[in-house]
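[1] Sequence plus predicted model, see below.
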Amino acid sequence: MAFDWKAFVALARDLQHQAVNAPNSEAFLRSAVSRAYFGAFGHASNYAKQFLQFQSRQLVEDHGRLREYLRRKKRKGDSDRLEQLRQWRNEADYSNAWPGPILQLRWRPLSSGPMRFSPVSYHRADLERKSFRGI
């Protein structure tokens, strides 16, 4: 059975919620960003293969190729959101001085069947002011 990449997004949400009370909240948040990106990438890649005839090469270059392919298929918004998540993921995984966006990811079904993700960035200072219910 194929892996459901949205499970990574659900895990990212769980990590985000756990980070609020965790003494090592930054580790939770960095992991949440990483899981959110790979969940979104995996889902978008499968969707593009199934419905848009994207040809994966199973190489690291597929990340950029997929975004470019989505742009060409008039899915610029999806490509842009995937790029934003990728940038946050790179910062979370490689930067020592990370400002720490808090992600609020919403999945909404489209009439044609696929799910789209919608990242919203919050920074640590916003934790006190934002409600994270309903994600």
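    Thanks, I have the structure now. Here the structure is a predicted model, which means the values were calculated and not measured.
[2] Count the neighbours of residue 65 for me.
    When neighbours are counted by other Cβ atoms under 10 Å, residue 65 registers 17. Where C-beta positions appear, they are placed from N, C-alpha and C, glycine not excepted.
[3] again, but for residue 2
    Per other Cβ under 10 Å, the neighbour tally for residue 2 reads 6.
[4] residues touching residue 58, list them.
    Taking Cβ atoms under 8 Å, 6 or more residues apart in numbering as the definition of contact, residue 58 has no neighbours.
[5] and it, which of the three is it?
    What DSSP: H, G, I helix; E, B strand; the rest coil gives for residue 58 is coil.
[6] Distance of it relative to residue 32?
    Taking Cβ to Cβ, to the nearest Å as the criterion, residue 58 is separated from residue 32 by 26 Å.
[7] how near is residue 11 to residue 56?
    23 Å.
[8] Tell me which of these two has more neighbours.
    Between residue 11 and residue 56, counted using other Cβ under 10 Å, residue 11 has the larger neighbour count: 16 against 13.
[9] can you pull the buried residues of the longest helix along the chain?
    Assignment by DSSP state H gives helix 25-51 as the longest helix of the chain. For helix 25-51, the neighbour count (16 or more other Cβ atoms under 10 Å) marks 25, 28-48 as buried.
[10] nearest spatial neighbour of residue 69, skipping sequence neighbours?
    Closest residue in space to residue 69, ignoring its immediate chain neighbours: residue 54 at 5.2 Å, by Cβ to Cβ, 6 or more residues apart in numbering.
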